[in-house]
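*Asks:* coords please:
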Amino acid sequence: MSLKRENLLKSLELRSLFRGERKKIDGGSVVLYFQEIQPALKIGVVVPKRTGNAVKRNHLKRLVKGFMATNISELKDGYYFFLIKEDKEDAELKSLLLHLLLKGRLLKNG
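*Replies:* Model prediction:
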C-alpha cells in the first residue's frame with residue numbers, strides 16, 4: 001500500500017494537532033507527535049533548515065514517508081507528525097522510527 005495525497009497532513013490539520021490533545025514521543029534526533037482521531041490516518045514530516053541542504057531534507061522526508069507507506073497497514077488510525085532534528089543514516093533512521101512507533105504502542109498488533 002502507498003501513501004496517497006489524502007493521507008498527508010495539511011497545514012490546518014498540523015495547527016490543530018499542536019493546539020489539541022496530543023502525545024509526544026521524543027527519540028533524540030526524531031520527535032513523534034501523535035493524536036488519535038478516528039477513522040483517519042494522516043502523516044506529516046518536517047525537517048528544519050539547519051538539517052543539511054534542500055536535497056538532504058527532501059531525502060529524509062521521502063525516507064520517512066516511504067517507511068510509513070510500507071507499514072501503513074500496521075498503524076493505528078490517527079495523526080502522525082514527525083520532526084526530524086538531525087541527519088542520520090537511512091537504516092538508523094528507519095530503526096528509530098520503528099522504535100518510536102513501538103514505544104508509543106501505535107502498531108495494531110503491538
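
*Asks:* What residues of stretch 36-50 count as buried?
*Replies:* 41, 42, 43, 44, 45, 46, 47 (16 or more other CB atoms under 10 Å). Glycine gets a C-beta too; all of them are placed from N, C-alpha and C.

*Asks:* Over to stretch 9-20?
*Replies:* For stretch 9-20, using 16+ other CB under 10 Å, the buried residues are 9, 13, 14, 17.

*Asks:* Show me the residues you listed that map onto helices.
*Replies:* Taking DSSP state H as the definition of helices, these contribute 13, 14, 17.

*Asks:* Please export the C-alpha coordinates of the lowest-mean-pLDDT helix or strand in the chain as CSV.
*Replies:* Least confident element among the helices and strands of the chain, by mean pLDDT, DSSP states H and E: helix 11-19 (a mean of 73). Only the C-alpha atoms of helix 11-19 are listed here, as CSV (Å, rounded to 0.1, in the frame of the first residue of the first chain):
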residue,chain,number,x,y,z
SER,A,11,-1.2,22.9,7.4
LEU,A,12,-4.6,23.5,9.1
GLU,A,13,-4.5,19.9,10.5
LEU,A,14,-1.0,20.5,11.7
ARG,A,15,-2.1,23.5,13.6
SER,A,16,-4.9,21.6,15.2
LEU,A,17,-2.5,18.8,16.1
PHE,A,18,-0.2,21.2,18.0
ARG,A,19,-3.1,23.0,19.7
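
*Asks:* after it, next one along is what?
*Replies:* strand 23-26 (DSSP states H and E).

*Asks:* So what touches that following strand?
*Replies:* Residues outside strand 23-26 that contact it (CB atoms under 8 Å, 6 or more residues apart in numbering): 31, 32, 33, 34, 35, 100, 103, 104.

*Asks:* in the sheet, who's paired with the residue nearest the centre of the chain?
*Replies:* Nearest to the mean C-alpha position of the chain, by CA atoms, centre = their mean, lies residue 82 at 3.6 Å. When assigned by DSSP bridges, residue 82 has beta-bridge partners residue 32, residue 45.
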